Structures are given as structure tokens and as C-alpha cells.
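1. coordinates only, sequence not included:
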């Protein structure tokens, strides 16, 4: 459960004294407490599409056998595991077996006047909070593992995995799919001249500009140090070339402002069409097209296919007359 969503604790009991004692303790944790008065209502709540974050069940609920309640709850909880705590007087052999089998997560004394009642309940809540924090960290780690830490776009591994998915979809729907691979020209020169921190900012700005030109379902990832790959579902070679020309003019022709200076960057573009073939093959063709573009010179666009449309000439470098004093070399 995401950390910003209020947790829900389910409390199932018919005994008013027990409910009056436990409800304020549970509410103090910041959770929303839902009280039900029967085992049947508890089962409905635990098997709902959004089950509780924590369930506390009174062993004295008489409308359903406790073992049956636990078994059905675990079997039908929509694939979601949440702690179930039994309010009971003592841990007999049967309850110990439920704990061992995972049907039950903990036991709390049923009587609020028990010397161990508040201690056991506090331990349950602390354990639940630790589990929630662990889940939050696990989700954050999984999310961070998908993205490039510098630019925020997909990393190479994640993008390749998504490329396989998009290729399968294009094959099923018989749609077009293109890869657009581009590399910033002579970026090593700017690293040497301006330093890594400034050039990191240049990359972030380039990605922000590129993202604004992509559709919501296009995929962008960082394929190398200053190399980026766009996966374009439903896009044929002609439209991929048009996008490359827009990137060339709208992203790289306009100056970048970093460290008090205006920097003019350029990039080369390689395009390959999927045509339902293996992603690794298409990616290799995009890399070959990019190499041809690099060999042709800065700002070149090259397609792997021999029947690619005629490409427009490179966008001219901006001059100081544009109002910006541009660094060049």
C-alpha cells in the first residue's frame, strides 16, 4: 500500500468493552478503524478488492468457526497478504498451528485488563509499521531501478524490456513500430570544457525538451552516456524522420543556458523500423544507422532501410545575431 494512503484496520468483535478499549489505541496510529460485529462481515471485508491493512479478530465470534474464517480469508484475499491478529485468551495447540501455517500472524490477549494486553497490542502495531516501511522502501527501490538517476527517463535495461513488450503488441495488432536512436555530437568536448556537473544539467535539459515532443505512449530511455533511444509505437519510418527533424531543430538548435553561458549542441539520429522482427535485430540496425549518421557529420539523420524518404539538410547553426552569444569550437 502506498505510504500516502491512509491505512484501514479491521476490528471484529461483539464485546463492547473490548471495542471501547481497542478503538482509540488503533485510531491513535493514524489508521481508519472499521468495526464489524460478526465473522461473516469480517470475511467480507477481508476478501474485498481493497482488504484492510490489518485485521484483528475476536476468537469469540460465534457465527463462524475461527479456523474456517482464517482459511477462507487467506484463500480469497485477492492475492494480497495483510496481518491477521487473533484476540484470544492463550495460545493452545490449534492456534499455534495456525501461526505456523501462516493463517495467523499474531495473538493478543482478549481481556483489556490483562497485564500483557497493551504490550502485545503495541508490539503488533510496531511490527505492522515496520512491514509498511519495508514495503514502501521495496516499492521505491523497484521504481528507482527502472529509471536513469540523472535524467529520469528509463534506463537501458528497462527500456529494452519494454521494447520486447511493444514489439509483441505491434505484431499482434499489425502496427508499425520504429526506433529512433540519437547521440549528442562531441559531448566529450563539453565535458572537458565545462565539467561533468554542467554537462549533467545539459543532458537533463535535452531530455526535458525531447519529452515535450513525444506522445504520451512513446518511450524514452538513456541508452548510453549521451545516447538516447525513443521507442515509437504506431510510427512508420517517414514519421520517425519527421520527429528526428523536429528534435534536431526544436531541441538542439535552440541554445542551452548553463553556468551563465549559452551552449549550442547538435545530435545525430539513426532510425530503424521493426516490421515485426526481433527487437535485438532492430536495435542493431538503429545503431548501424546512427553510426552512418555520425560518419556523415553533425546533425545527420540516417535510416537503416534502403527505401527511406529523402532527408532534409541539417539545420544551420544559430549565429550571434539570434541574440545569444553561443559557444562553439
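-> Okay, I see it. Here the structure is a predicted model, which is why all the values come from computation and not from measurement. Numbering: from 1, shown residues only.
2. residue boundaries of the helices in the chain?
-> Applying DSSP state H to the chain gives helices spanning 16-27, 39-46, 66-75, 93-101, 117-144, 156-173, 187-194, 196-213, 237-246, 279-296.
3. Lowest average pLDDT across those helices?
-> Of all these, the minimum mean pLDDT falls on helix 117-144 (a mean of 73).
4. Show me which residues of that helix are buried.
-> By 16 or more other C-beta atoms under 10 Å, the buried positions in helix 117-144 come out as 117, 120-121, 124-125, 128, 131. Backbone N, C-alpha and C define where each C-beta goes, glycine included.
5. Could you do stretch 176-189 as well?
-> Buried residues in stretch 176-189 (16+ other C-beta under 10 Å): 176-185, 187.
6. care to break this structure down by domain?
-> 8-144, 156-327 (automatic domain parsing).
7. didn't residue 131 look like it was pressed against residue 83?
-> Yes - Residue 131 is within contact range of residue 83, at 7.2 Å (criterion: C-beta atoms under 8 Å).
8. ok, now how distant is the closest residue to residue 106 other than its chain neighbours from residue 51?
-> Leaving aside its sequence neighbours, residue 106 sits nearest to residue 85 (C-beta to C-beta, 6 or more residues apart in numbering; 4.7 Å). Look at residue 85 and residue 51: by C-beta to C-beta, to the nearest Å, they are 14 Å apart.
9. ok, back up a step: got CSV for the helices of the chain, with distance to residue 107 too?
-> Formatted as CSV, the helices of the chain follow (distance: least, C-beta to C-beta, whole Å):
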stretch, distance to residue 107
helix 16-27, 14
helix 39-46, 17
helix 66-75, 12
helix 93-101, 6
helix 117-144, 7
helix 156-173, 43
helix 187-194, 62
helix 196-213, 53
helix 237-246, 62
helix 279-296, 53
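10. Out of these, which gets nearest to residue 220?
-> Of all these, it is helix 196-213 that lies closest to residue 220, at 6.3 Å by C-beta to C-beta.
11. buried ones in the closest one?
-> Within helix 196-213, judged by 16+ other C-beta under 10 Å, the buried ones are 198-199, 201-203, 205-207, 210.
12. so which of those comes closest to residue 227?
-> Closest to residue 227, out of all of the buried residues of helix 196-213 and judged by C-beta to C-beta, is residue 203, at 10.5 Å.
13. mind listing what the closest one touches?
-> 150-151, 184, 226 (C-beta atoms under 8 Å, 6 or more residues apart in numbering).
14. Which entries within these meet the buried criterion?
-> 151, 184, 226.
15. Looking at those, which are in strands?
-> Counted as lying in strands by DSSP state E, out of these, are residue 184.
16. Just put the buried ones among the contacts of residue 203 in a markdown table and tack on pLDDT.
-> As requested, these are exported to a markdown table (pLDDT from 0 to 100):
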| residue | pLDDT |
| --- | --- |
| 151 | 92 |
| 184 | 95 |
| 226 | 93 |
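17. could I get the buried ones among the contacts of residue 203 as TSV with distance to residue 41?
-> Shown next, in TSV, are these (distance: C-beta to C-beta, whole Å):
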residue	distance to residue 41
151	50
184	62
226	60
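18. Just give me the closest of the buried ones among the contacts of residue 203 to residue 171.
-> residue 151 (29.8 Å).
19. that older thread, go through the buried ones among the contacts of residue 203 and name the one nearest residue 157.
-> Scanning the buried ones among the contacts of residue 203 for proximity to residue 157, where the rule is C-beta to C-beta, the winner is residue 151, at 14.9 Å.
20. which one is that closest one nearest to, not counting chain neighbours?
-> residue 207 (4.4 Å).
21. got it, and residue 220?
-> Nearest to residue 220 is residue 153, by C-beta to C-beta, 6+ apart, at 4.8 Å.
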